[in-house]
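1. Predicted model and sequence follow; I will ask about them next.
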Amino acid sequence: MEKNRETVLIIDDNKHIRMQINLVLKLEGFDTLEADNGTTGMEMAKERLPDMIVCDIVMPELDGYTVLEQLRSYMPTSDIPFLFLSAKADRSDVREGMNLGADDYLVKPFSAQELVQAISARINRYNTTKREIARKMETLQEISASKDKFLSLISHDLKSSFAGVMGLSEMLASKLDDLSLDRLQEISSLMKEAVHSTYNLLESFVEWSRLQANGMKATIESVNIGETTLNVLMQHSGTAAHKSITLACQIPPDTHVFADTNMIQVVLRNLVSNALKFTKPGGTIDIVAQETDSGIELSVHDDGVGISTEDMVKILQTDDVGSVQHTTAGTLGEKGTGLGLLFCRELLDKQASKLVIKSAINQGSTFSFTLPKV
């Protein structure tokens, strides 16, 4: 594909100088525009937005200084490279042009080589600056998107954690007269643990938020996955008790894997929270670790309502957060958005792992991923 040719606007009231500059630039591969006075040149610059402006200083109607000043105050032309051409060689004249925002200054008479070198240098610098700004804008957009997802993640996890406390408090309020002292002590103990776990969850998010400037980069280290899983299950014990669901951890407490501690906690919290939503009261959720040739495979298995093939495709293949949001209700009317599983997939990708789903409607689901063994 042919490279786009840069356009240079020549503003000079001297016809012979315009013709000479025009010829030199065309021979060097530039496209050119010509204006014989400052007023016409300024209007042409605003309309055509050239890549470079070469302008005389002393002209009728509007001099070069006024042209530059007005173009610099007009946003679309404010950063176009501007080169002054003039017979005025006094240092004060040069300084005045530079103070107004000129990029360079050539004193007449000048050679064709001087002109071409000055124009090429300024256009190259301008293009480099534009690329750098575009790169920074892209980075800012990525950070912004990362923060948006992070905020959604905070909301998602905190709601899940508070749901356990709310479930226990509702049980306490509705069945207070029917509860034995032992049962009251058990519920209060669960509420205490749930509140502490929620607070720890909030603290970890505050700490994690400080790392977001790095674009949610994974910090891989040795993680006691057995202990981490037990902590996650404790955070959801209130919700499990409210739905009479059994949480079973079948991971040896000294099992270690290589992972990002915060990220893997988020993955496990979301998988367990998702399983609790879609498991019927009286059901069971098992968290299992199995050693494979690739490392330690962790699985969260439930005997809940299952996931349709269409939803599994969305979760596993879609990169757009908005396209996976849906309002599938849990077994007790809990709201599900699909965001939790999307975050799990994204966080596992950052740790060179993948989320695998096996599910059948009304038979349950298994969510698994593999991490390197320490």
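-> Nice, thanks for sending it over.

2. Okay, buried residues for the strand or helix carrying residue 342 please.
-> Per DSSP states H and E: residue 342 is located in helix 339-349. Neighbour-count burial for helix 339-349, counted by 16 or more other C-beta atoms under 10 Å, picks out 339-348. The way it works is simple: take the backbone N, C-alpha and C, and place the C-beta from them, glycine included.

3. counting contacts, what elements does it pack onto?
-> With contacts taken as 3 or more C-beta pairs under 8 Å, 6 or more residues apart in numbering; DSSP states H and E, helix 339-349 sits against helix 112-174, helix 261-277, helix 309-317, helix 321-324, strand 364-371.

4. can you do 6 Å?
-> Applying 3 or more C-beta pairs under 6 Å, 6 or more residues apart in numbering; DSSP states H and E, one finds that helix 339-349 contacts helix 112-174, helix 261-277.

5. and it with helix 309-317, angle?
-> For helix 339-349 against helix 309-317, the angle by axes from the mean of the first three to the mean of the last three C-alpha atoms, to 10 degrees is 40 degrees.

6. Centre of the chain to helix 339-349, how far?
-> Helix 339-349 sits 14 Å away from the centroid of its parent chain (C-alpha atoms, centre = their mean, to the nearest Å).

7. List the neighbours of whichever strand or helix holds residue 68 that are in contact with it.
-> Per DSSP H and E: residue 68 is located in helix 64-72. Outside helix 64-72, the residues that touch it by C-beta atoms under 6 Å, 6 or more residues apart in numbering are 38, 41-42, 45, 55-57, 77-78, 82, 84, 100-102.

8. What residues of the helix or strand harbouring residue 105 count as buried?
-> Assignment of secondary structure by DSSP H and E places residue 105 within strand 104-107. By neighbour count with 16+ other C-beta under 10 Å, strand 104-107 contains the buried residues 104-106.

9. Show me this structure divided up by domain.
-> Here the domain parsing of the chain from automatic domain parsing is 7-110, 146-371.

10. Pipe those into a markdown table and attach mean pLDDT per row.
-> Converted to a markdown table, the domains of the chain look like this (pLDDT from 0 to 100):
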| stretch | mean pLDDT |
| --- | --- |
| domain 7-110 | 86 |
| domain 146-371 | 80 |
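
11. Which one of the ones you listed lies nearest to residue 139?
-> domain 146-371 (8.3 Å; C-beta to C-beta).

12. and the closest one, how far from the chain's centre?
-> When distances are taken as C-alpha atoms, centre = their mean, domain 146-371 is centred 23 Å away from the chain's centroid.

13. and if you look at stretch 38-56?
-> Computed by C-alpha atoms, centre = their mean, the chain-centroid distance of stretch 38-56 equals 38 Å.

14. List the contacts of that stretch.
-> With C-beta under 6 Å, 6+ apart, stretch 38-56 has contacts from 6-12, 33, 35, 59, 61-62, 64, 67, 70-71, 77, 80-83, 85, 119, 123.

15. Of those residues, keep whichever come out buried.
-> Applying a neighbour-count criterion of 16+ other C-beta under 10 Å, the buried members of the contacts of stretch 38-56 are 6-12, 33, 35, 59, 62, 64, 67, 71, 77, 80-83, 85, 119, 123.

16. Show me the residues you listed that map onto helices.
-> Counting by DSSP state H, the buried ones among the contacts of stretch 38-56 place 64, 67, 71, 119, 123 in helices.

17. Please convert those residues to JSON lines, extending it with distance to residue 359.
-> What follows is those, written out as JSON lines (distance: C-beta to C-beta, whole Å):
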{"residue": "64", "distance to residue 359": "72"}
{"residue": "67", "distance to residue 359": "69"}
{"residue": "71", "distance to residue 359": "63"}
{"residue": "119", "distance to residue 359": "64"}
{"residue": "123", "distance to residue 359": "58"}
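
18. Just give me the closest of those to residue 373.
-> For those, the residue nearest residue 373 by C-beta to C-beta is residue 123; the value is 56.1 Å.

19. ok, the closest one - contacts?
-> 6, 51-52.

20. Check residue 10 too.
-> Residue 10 neighbours (C-beta under 6 Å, 6+ apart): 18, 21, 34, 54.

21. mind giving me CSV with those residues and columns for neighbour count?
-> Below are the contacts of residue 10 laid out as CSV (neighbours: other C-beta atoms under 10 Å):
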residue, neighbour count
18, 19
21, 23
34, 17
54, 27
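
22. a markdown table please, covering those and showing secondary structure.
-> Formatted as a markdown table, the contacts of residue 10 follow (DSSP: H, G, I helix; E, B strand; the rest coil):
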| residue | secondary structure |
| --- | --- |
| 18 | helix |
| 21 | helix |
| 34 | strand |
| 54 | strand |
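
23. what about the closest residue to residue 8 other than its chain neighbours, distance to residue 165?
-> Excluding the flanking residues, the one nearest residue 8 by C-beta to C-beta, 6 or more residues apart in numbering is residue 52, at 4.5 Å. Using C-beta to C-beta, to the nearest Å, residue 52 is found at 65 Å from residue 165.
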